[in-house]
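[1] Output the structure for:
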Amino acid sequence: MKPAKFDYYDPRSLDEALALLGTHQGDAKVLAGGQSLMPLLNMRLARPNIVVDINRIKDLNYVRASDGGIAIGAIARQRALQTEKLIAERVPKRD
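    Modelled structure (predicted):
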């Protein structure tokens with residue numbers, strides 16, 4: 001099955017994304033990686049009027065120390081988390 005029609009936006013800044021989401025409150029979904037939203041769209045379990053793709057917002061791609069823990073950006077990729085030294089230091093592997 002194919003998704004219902006929607007308008008697609010791919011903002012390049014967080015401010016632009018937030019403006020789109022504010023303008024289309026309740027009618028928009030955020031696309032960050034696609035692993036969760038795309039199947040829902042294809043099965044028509046989610047039918048947003050607007051999809052805001054945040055994958056090109058570089059400010060959301062980070063792993064950094066924060067308040068004694070780790071802050072992970074919305075578009076940080078799994079591979080980056082697997083290889084990040086900060087995570088290895090702060091979250092040791094369990095047997």
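
[2] Which residue comes closest to residue 50 once chain neighbours are left out?
    Nearest-residue entry for residue 50: residue 28, 3.9 Å, with adjacent residues in sequence omitted and distances by Cβ to Cβ, 6 or more residues apart in numbering. In this view, the C-beta of every residue, glycine as well, is placed from N, C-alpha and C.

[3] what do you get for residue 59?
    Closest to residue 59 by Cβ to Cβ, 6+ apart is residue 14, at 5.4 Å.

[4] The residue nearest to residue 50 contacts residue 51, correct?
    Yes: when contacts are counted by Cβ atoms under 8 Å, residue 28 is listed as touching residue 51 (7.2 Å).

[5] In which helix or strand does residue 19 reside?
    Residue 19 belongs to helix 14-23 when assigned by DSSP states H and E.

[6] tell me which strands and helices that helix is in contact with?
    Under the contact criterion of 3 or more Cβ pairs under 8 Å, 6 or more residues apart in numbering; DSSP states H and E, helix 14-23 touches strand 28-31, strand 50-53.

[7] Tell me which other helices or strands the last one touches.
    In terms of contacts (3+ Cβ pairs under 8 Å, 6+ apart), strand 50-53 is packed against strand 7-9, helix 14-23, strand 28-31.

[8] and the shortest one, average pLDDT?
    In other words, strand 7-9. Across strand 7-9, the average pLDDT comes to 96.

[9] In that strand, which residues are buried?
    residue 9 (16 or more other Cβ atoms under 10 Å).

[10] Then stretch 4-21?
    So stretch 4-21, judged by 16+ other Cβ under 10 Å, has buried residues 6, 9, 11, 17, 20-21.

[11] from those, which single one is nearest residue 92?
    Using Cβ to Cβ, residue 17 is the member of these that lies nearest residue 92, at 34.7 Å.
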